[in-house]
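**Q** Next comes the sequence, and after it the predicted model I'd like to discuss.
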Amino acid sequence: MPPLLTFAARVSDGLPLVASFAPTSEVLEEHKQQAKQILRGLASSRSAAKMSIETTARKVFHYLIRDNICYMTLTESSYPKRLAFLYLEEIGDGFIEELTRDYSDQWRSAVDTAARPYQFIKFDQFIQRKQRDFVDPTSRQNATKLNEDLNDIHSIMKKNIEEVLNRGEKLENVSAISSRLVDQSKEFKW
């Protein structure tokens, strides 16, 4: 089951900039209202950059905040969380790319001054294409995306472990130097 609904909204006030709904009856008016409520709530609190929120009827909202824009989607609870966030990252990248193409380096100003809801509705076609790409979580394309993401995470973790080990060696050196200084300082006692 693909992402059922997708929003891009301004974080400062929850104004929906674009929304797209999968052509299915699974998205109820209740879910649309819940999405808008979540988006409005982001402005009033210090929100996490990524979050998943379980809702009614075995559905989950996932959102990602970047550049003062919240990208949110609704999926079945069985849809892989990692894949939902990869979907949102691609939506975010495409949205910024489209805004940059239309407004060049003034795209932030265009978002900040958007006065009406769904002002960037032409981006809906891109979202619908991405929804089709992410329909089947078990497809080869999506499995490849997940594997690439896991490889990136693996590389980062490996690098972090190496840095921690290097710090350990440096701490051992500092400890040895400190011990030598203590021993040498005993020579200077009165």
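**A** Structure received.
**Q** does the closest residue in space to Ser52 that isn't next to it in sequence have beta-bridge partners, and which?
**A** Spatial nearest neighbour of Ser52, chain neighbours left out: His62 (4.9 Å); criterion: C-beta to C-beta, 6 or more residues apart in numbering. For glycine as for every other residue, the C-beta is placed from the backbone atoms N, C-alpha and C. According to DSSP bridges, the residues that bridge with His62 are Ser52, Thr73.
**Q** who's in contact with His62?
**A** By C-beta atoms under 8 Å, 6 or more residues apart in numbering, His62 lies in contact with Lys50, Met51, Ser52, Ile53, Met72, Thr73, Leu74, Thr75, Lys81, Ala84, Phe85, Leu88.
**Q** What's the ChimeraX syntax to select whichever of these are buried?
**A** Of these, the buried ones go into a single ChimeraX selection, burial set by 16 or more other C-beta atoms under 10 Å:
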select :72,73,74,75,84,85,88
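**Q** Mind picking the two most distant members of the contacts of His62?
**A** Lys50 and Leu74 (15.4 Å; C-beta to C-beta).
**Q** mind showing which ranges of the protein have poor pLDDT?
**A** For the chain, the stretches with pLDDT under 70 are 1, 23-27, 45, 137-155, 165, 168, 189-190.
**Q** could you pull out the strands for it?
**A** Secondary structure of the chain (DSSP state E): strands at 5-10, 16-21, 50-54, 59-66, 69-76.
**Q** Tell me how many other residues crowd Arg66.
**A** When neighbours are counted by other C-beta atoms under 10 Å, Arg66 registers 16.
**Q** Great, nothing more from me.
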